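Visitor: with the input below, show me the fold.
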Amino acid sequence: MQSAMWLILGGTVGLAALLDRHQHELMRINLADPVPCGDVWLQLPARWLIENSGAAGMITASESSTNPFEPALQVTVAPPAEGGLVDQLLRKQAPTFPPQAISFGKTGKTSGNLYVWQMPLDEDGQSYPFAKVIATAVLPNGPQVTIRLEHLGRNSQAMDLQDDVDLVRRIAATVKLSPGSAVQEQE
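Guide: Now for the predicted structure:
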């Protein structure tokens with residue numbers, strides 16, 4: 001009898017874990033076809049509203065242009081800053097949270113830094129948690145790419161940022177130099 005109860009308990013826990021994983025996979029944001037941004041191509045979330053000034057090296061995307069609680073993404077591509085200036089500035093914004101390593105490109109040969117932090121932000125007289133996930137890297141012989149994802153939390157509790165970190169990592173993994181860029185021609 002006791003063995004049967006343990007078997008039922010184990011089966012129930014296993015089924016719950018399987019359903020949780022399935023639900024998480026269904027909620028995962030898919031990436032669309034690659035789009036140009038300056039000297040690189042990258043994939044952004046499918047079905048997000050995209051404002052593309054790709055030739056100028058900046059793209060913004062969001063799930064909704066009117067809801068401040070939906071994540072907003074910004075990608076910038078610029079000539080490399082001197083002496084890791086972007087990293088220095090990001091480290092000053094979050095001195096107590098050391099950056100995590102992140103790989104850019106499908107081969108993962110380009111390493112960069114990933115910064116994650118939360119802070120309170122007042123919106124219409126009410127305090128909400130505000131999250132930022134920023135990844136940046138200088139591509140070999142190429143430009144500096146910075147991916148920034150930020151949004152407000154819906155309540156005053158701390159936010160789970162694992163999905164945001166996962167999305168930024170997946171976008172960074174799609175970054176590649178444009179076929180006709182001056183950098184690509186030098187290689």
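
Visitor: which helix or strand contains Asp87?
Guide: helix 85-93 (DSSP states H and E).

Visitor: that helix - contacts with which helices or strands?
Guide: Using 3 or more C-beta pairs under 8 Å, 6 or more residues apart in numbering; DSSP states H and E, the elements in contact with helix 85-93 are strand 110-123, strand 126-138. Backbone N, C-alpha and C define where each C-beta goes, glycine included.

Visitor: in its sheet, what does the shortest one sit against?
Guide: As defined by DSSP bridges, the strand partners of strand 126-138 come to strand 110-123 (antiparallel), strand 144-152 (antiparallel).

Visitor: what strand or helix carries the residue most central in space within the chain?
Guide: Geometric centre of the chain, nearest residue: Val168, 1.8 Å, by C-alpha atoms, centre = their mean. Element membership of Val168, judged by DSSP H and E, is helix 162-172.

Visitor: for that helix, buried residues please.
Guide: By neighbour count on 16 or more other C-beta atoms under 10 Å, the buried set for helix 162-172 is 163-165, 167-169, 171-172.

Visitor: quick one, that helix and strand 144-152 angle?
Guide: Relative orientation of helix 162-172 and strand 144-152, computed by axes from the mean of the first three to the mean of the last three C-alpha atoms, to 10 degrees: 160 degrees.
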